[in-house]
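[1] the following block contains a protein sequence and its predicted model.
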Amino acid sequence: MTIQNFVVTADQMRQIETRIFAAGMPVAALMEKVAGLIARRIQALLKAEGSSATGSVRDLTDRRKREEGKNLVKSQFPVIGVLVGPGHNGGDALVVARELHFQGFQVVIYCPFSKLKELTKNHADYARSLNIPFFDKIEALKNCDLLVDGLFGFGLEREIINATAAALDEINNLNIPILSIDLPSGIHTDTGEVLGTAIRAKHTLCLGLWKMAFLQDRALEYIGSSELIDFDIPAADIAAILGETPAIQRITRASATQHLPLPRSPISHKYTNGHLLIIAGSRRYSGAAILAALGARASGIGMLSIAVPESIKAMLSSQLPEALVIGCPETQSGAISELPVAIDLSSYDAIAAGPGLTLEAAIAVESVLESDRPLVLDADGLNILAQLGTVPILSERSALTIITPHPGEFKRLFPELADRTGEDRIAATQAAAQLCGATILLKGAKVCISCKEEGDSLPDSYASRTITYLNPESTPALARGGSGDVLTGLLGGLLATAIARKSPLQSVAATAAWWHAQAGIMAAKERTELGVDAFTLTQYLIPTLREFAE
Ligand SMILES: NC(=O)C1=CN([C@@H]2O[C@H](COP(=O)(O)OP(=O)(O)OC[C@H]3O[C@@H](n4cnc5c(N)ncnc54)[C@H](O)[C@@H]3O)[C@@H](O)[C@H]2O)[C@H](O)CC1
Ligand SMILES: [K+]
């Protein structure tokens, strides 16, 4: 595990911070260290040309100046507005203001609060003594090239209202790029919820450990791009609060690639590399079966069987010459009416079912749910499961089930969770995993995967703990019909392979989600966000693997 794998709540961050202070680190010294790192990072972002994060701040300042017909800077340096709140987020901001001032930047401080925490007040007094101008009117910020947001960090506990809320809205409306310290002010650290109103940052520097909000879809428009400022939190303090195996883990390249089925054993053969059965497609949605199969192909699966309605069997065979295509009896409209009598489900390492089936394939889906095979269920497979009764059916299964709903499917599968979890995707996924015992992969900008931790090794107090994996990097290019079908096949392939290789199953879904997203990112880079149709995506899985498995 690296620092990039950890994710904390505000409460956990506070507990870690408390341990550091109790061990002797002075609060003021830590603030000085952290804010020094922030100030240097801001300078680097402003200076460096070409890096993407820098590009985003710089591009915007340049564009704004061009639009206004002025040069980027009046003096040699851009004008930086620093927004200062009452707590230690404001303290960080004041140290940043002071450091940038000493580096020759023109700095303007906006602080509309009269009551500041003691340390923050000390820094404000010193900044005033240096003649850095202080204002309590937003008007004073309008000529700034960049705003640094230190209004609220993880100490924000209640809705922002009245004059403060109006000020935040006015700041957003200035259309000046904003860099937020720790979190965009107004965003709830854990749920990512907007508490009244929130700063819309262009870039956010998250301090010390990733906060949950960075992995909550609804906060993303406010966070902009983001990076972690590592300030050397001792590993022992992290482990003391999060445990040796943290309940929530951020997926990284290293953690994802660790679970790839590589290298292959030199004496492996097709059956030791896994046999996957895909059950997908209908006359109406034949493409879904092809896309799932192409996703599975990229997993390197040893043997691929695909069960489709008889009338599209020839089409599948022509697209996937290596696969064993099984024609199934079909309904009048061309959906699978049932699985062929001769099919022996126990001969497969895993089954992936759902894409393009239509609701008419209920009997086939029931058969796989009743089987003792590890199963990936998606799309119409999930709609059929919801009709059958998600929790009783999944709780009965003896083998692993991984379900891959998007938020709409999730609501249909778990209507009982709608009130409890609201829009907190992470809490919702954890609750669903607890409820039914399956692994839940909730699709979205930040894919969230929860599963019950395997019981035997756990102390009693942890008996029903869930482990959650969050995928931090993706692209809206994947928000497109068919990309889910590709994920189902890829995940099914990795699952069957892991079973054949007797590898741990817990991280398979995380690896698939990471790989799928990275392929989308690579495809979008080369072809733009509009150029990543689902078939194209399948063609990027192996080139991506080559890049990240090196
Ligand atoms: N993580 C670390 O170890 C470090 C964190 N640093 C910075 O400290 C902040 C957290 O500071 P804290 O003082 O606890 O809270 P905030 O600055 O986020 O704000 C709390 C402040 O605001 C008041 N308040 C809360 N809600 C509202 C509201 N809705 N309207 C108005 N006022 C509100 C509250 O009463 C407090 O006074 C963290 O994010 C980091 O930036 C350290 O500097 C370095 C180490
Ligand atoms: K902030």
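    Cool, got the structure. Ligands and ions are numbered 1, 2, ... in the order given.
[2] list the buried residues for stretch 423-440?
    424-440 (16 or more other C-beta atoms under 10 Å). To be clear about C-beta, it is placed using only N, CA and C from the backbone, and glycine gets the same treatment.
[3] show only the entries of the residues you listed found in helices.
    Those of the buried residues of stretch 423-440 mapping onto helices are 425-436, per DSSP state H.
[4] out of those residues, who's nearest ligand 1?
    Ligand 1 lies nearest to Ile426 out of those, by C-beta to the nearest ligand atom, at 19.8 Å.
[5] check what pLDDT that closest one gets.
    With respect to pLDDT, Ile426 has a value of 93.
[6] ok, and the closest non-adjacent residue to it?
    Nearest residue to Ile426, sequence neighbours excluded (C-beta to C-beta, 6 or more residues apart in numbering): Cys448, at 5.5 Å.
[7] so what's the spatially most central residue of the chain up against?
    Residue closest to the mean C-alpha point of the chain, counted by C-alpha atoms, centre = their mean, is Lys446 at 2.7 Å. Counting by C-beta atoms under 8 Å, 6 or more residues apart in numbering, Lys446 touches 215-217, 220, 425, 470-472, 474.
[8] now Ile343
    Ile343 is in contact with 307, 326, counting by C-beta under 8 Å, 6+ apart.
[9] where does it land in three-state SS?
    Put simply, Ile343 is coil when judged by DSSP: H, G, I helix; E, B strand; the rest coil.
[10] quick revisit: mind checking which of the contacts of Lys446 are in helices?
    Residues from those lying in helices, with DSSP H as the criterion: 220, 425.
[11] for the stretch 1-150 of the chain, what lies in contact range of ligand 1?
    13, 17, 30-31, 34, 85-92, 117 (C-beta under 6 Å from any ligand atom).
[12] pLDDT and secondary structure added to those residues, as a markdown table?
    Below are these laid out as a markdown table (pLDDT from 0 to 100; DSSP: H, G, I helix; E, B strand; the rest coil):
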| residue | pLDDT | secondary structure |
| --- | --- | --- |
| Met13 | 98 | helix |
| Glu17 | 97 | helix |
| Leu30 | 98 | helix |
| Met31 | 98 | helix |
| Val34 | 98 | helix |
| Gly85 | 98 | coil |
| Pro86 | 98 | coil |
| Gly87 | 98 | coil |
| His88 | 98 | helix |
| Asn89 | 98 | helix |
| Gly90 | 98 | helix |
| Gly91 | 98 | helix |
| Asp92 | 98 | helix |
| Lys117 | 98 | coil |
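[13] what's the closest of those to ligand 1?
    Nearest member of those to ligand 1, counting by C-beta to the nearest ligand atom, is Gly87, at 2.4 Å.
[14] would you mind measuring from the residue nearest to Ile426 to ligand 2?
    The gap separating Cys448 from ligand 2 is 24 Å, by C-beta to the ion, to the nearest Å.
[15] up against ligand 2, what does this protein have?
    For the chain, the contact set with ligand 2 under C-beta under 5 Å from the ion comprises 89, 149, 180-181, 185.
[16] now the phi/psi pair for Val376, please.
    phi -110, psi 130 (degrees, to the nearest 10).
[17] cool, the one 3 residues further on as well?
    Note on Ala379: backbone dihedrals following degrees, to the nearest 10 are phi 50, psi -120.
[18] so where's the protein shaky on pLDDT?
    By pLDDT under 70, the low-scoring segments of the chain are 48-77, 421-422, 454-464, 550.
[19] cutoff 80 now
    Applying pLDDT under 80 to the chain picks out residues 48-77, 271, 418-423, 454-464, 549-550.
[20] in the stretch 1-150 of the chain, mark out all the strands, start to finish.
    Counting by DSSP state E, counting those that start in this stretch, the stretch 1-150 of the chain has strands at residues 7-8, 79-84, 106-110, 134-135, 146-150.
[21] distance between the ends of stretch 208-226?
    Terminal residues of stretch 208-226 lie 13 Å apart, using C-alpha to C-alpha, to the nearest Å.
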